[in-house]
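In: got a structure for you, letters missing:
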């Protein structure tokens, strides 16, 4: 099964050589599930010709905001609606979670409550899970047809499903502790409050449920 990765951002240059860019992180996360991957760097205006170019689609995270005026935002939203209308499985992570909601009629904003950084706990269908997070923007209004499947007090719309073919996650199952540590060092200073960076650093090494979410994502693609 071929998964098309719609790359909307890049890892810090200090991390790419050792840990990989955003698309490569998903190769690692979903390894062992029988997928092949092709990347379209949509942030460079490189788009697939149609949803038929892959069997399933995945939208990465990004340092950009869904509500910003970039030339690739509108065509990406059109592609999201086309993928949905074709019935192809689509998963969005962090920025991908937000841009899917925006494309389908929801609203995304910079959250006045600040950042979620590092190991974060959620309730998913009544069960506790923990995943690494790195975001300030959030979905603040759900699109029609969205069902909440995961949340916490900080992020009430943390995991969504739209019928049987679209799913999105605010957190980053593809970010392991090495990557979070790199973000703390390279992207956090001067942007994220120092106390939050210290708290996130202190959580490094604790168990999380990325493997569980990877299995969920793989099953969703194959459904």
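Out: Noted; the coordinates are in hand. None of these values were measured; they are calculated from a predicted model. Numbers count the residues shown, from 1 in each chain.
In: would you state the strands of the chain in chain order?
Out: The residue ranges that make up the strands of the chain, judged by DSSP state E, are 2-6, 36-40, 56-59, 90-93, 107-110, 116-124, 127-135, 137-141, 146-151, 159-162, 166-169.
In: list the helices and strands the fifth one packs on?
Out: Where contact means 3 or more Cβ pairs under 8 Å, 6 or more residues apart in numbering; DSSP states H and E, strand 107-110 is packed against helix 95-103, strand 137-141. For glycine as for every other residue, the C-beta is placed from the backbone atoms N, C-alpha and C.
In: buried deepest among these, which one?
Out: Neighbour counts (mean count of other Cβ atoms under 10 Å) averaged over each of these peak at helix 95-103, with a mean of 26.
In: show me what that one is packed up against.
Out: Contact analysis of helix 95-103 by 3+ Cβ pairs under 8 Å, 6+ apart lists strand 56-59, helix 73-86, strand 90-93, strand 107-110, strand 137-141, strand 159-162, strand 166-169 as its packing neighbours.
In: which outside residues touch it?
Out: Here helix 95-103 makes contact (Cβ atoms under 8 Å, 6 or more residues apart in numbering) with 6, 8-9, 58-62, 64-67, 73, 76-78, 80-81, 90, 92, 107-108, 137-139, 142-143, 146, 157, 160, 162, 166, 168-170.
In: quick check on those residues: which are buried?
Out: Neighbour counting over those (16 or more other Cβ atoms under 10 Å) leaves 6, 8-9, 58-62, 64-66, 73, 76-77, 80, 90, 92, 108, 137-139, 142-143, 146, 157, 160, 162, 166, 168-170 as the buried ones.
In: start to end distance for stretch 85-94?
Out: For stretch 85-94, the separation between the terminal residues is 22 Å (Cα to Cα, to the nearest Å).
In: sorry, wrong one. I was asking about stretch 3-15.
Out: 24 Å.
In: distance from the chain centre to stretch 136-151, please.
Out: The gap between the average C-alpha position of stretch 136-151 and the chain average comes to 13 Å, counting by Cα atoms, centre = their mean, to the nearest Å.
In: now do that stretch, average pLDDT.
Out: Taken as a whole, stretch 136-151 has a mean pLDDT of 97.
In: same thing with stretch 45-52?
Out: Mean pLDDT, computed over stretch 45-52, is 98.
In: so for that stretch, what gets flagged as buried?
Out: Along stretch 45-52, these residues count as buried under the neighbour rule (16+ other Cβ under 10 Å): 47, 48, 51.
In: how much space between the residue lying closest to residue 63 once chain neighbours are set aside and residue 95?
Out: Leaving aside its sequence neighbours, residue 63 sits nearest to residue 9 (Cβ to Cβ, 6 or more residues apart in numbering; 5.3 Å). Plainly put, residue 9 is 6 Å away from residue 95 if you go by Cβ to Cβ, to the nearest Å.
In: run through the bridge partners of the residue most central in space within the chain.
Out: Centroid-nearest residue in the chain: residue 93, 1.3 Å away (criterion: Cα atoms, centre = their mean). For residue 93, the beta-bridge partners are residue 169 (DSSP bridges).
In: just the pLDDT at it, thanks.
Out: Predicted confidence (pLDDT) for residue 93: 98.
In: check whether residue 10 really touches residue 21, as I assumed.
Out: Yes. If you go by Cβ atoms under 8 Å, residue 10 and residue 21 touch, sitting 5.8 Å apart.
In: and the spatially closest residue to residue 97 that is not a sequence neighbour, how close does it get to residue 193?
Out: Leaving aside its chain neighbours, residue 97 sits nearest to residue 168 (3.8 Å; criterion: Cβ to Cβ, 6+ apart). Taking Cβ to Cβ as the measure, residue 168 falls 27 Å from residue 193.
In: thank you, goodbye.
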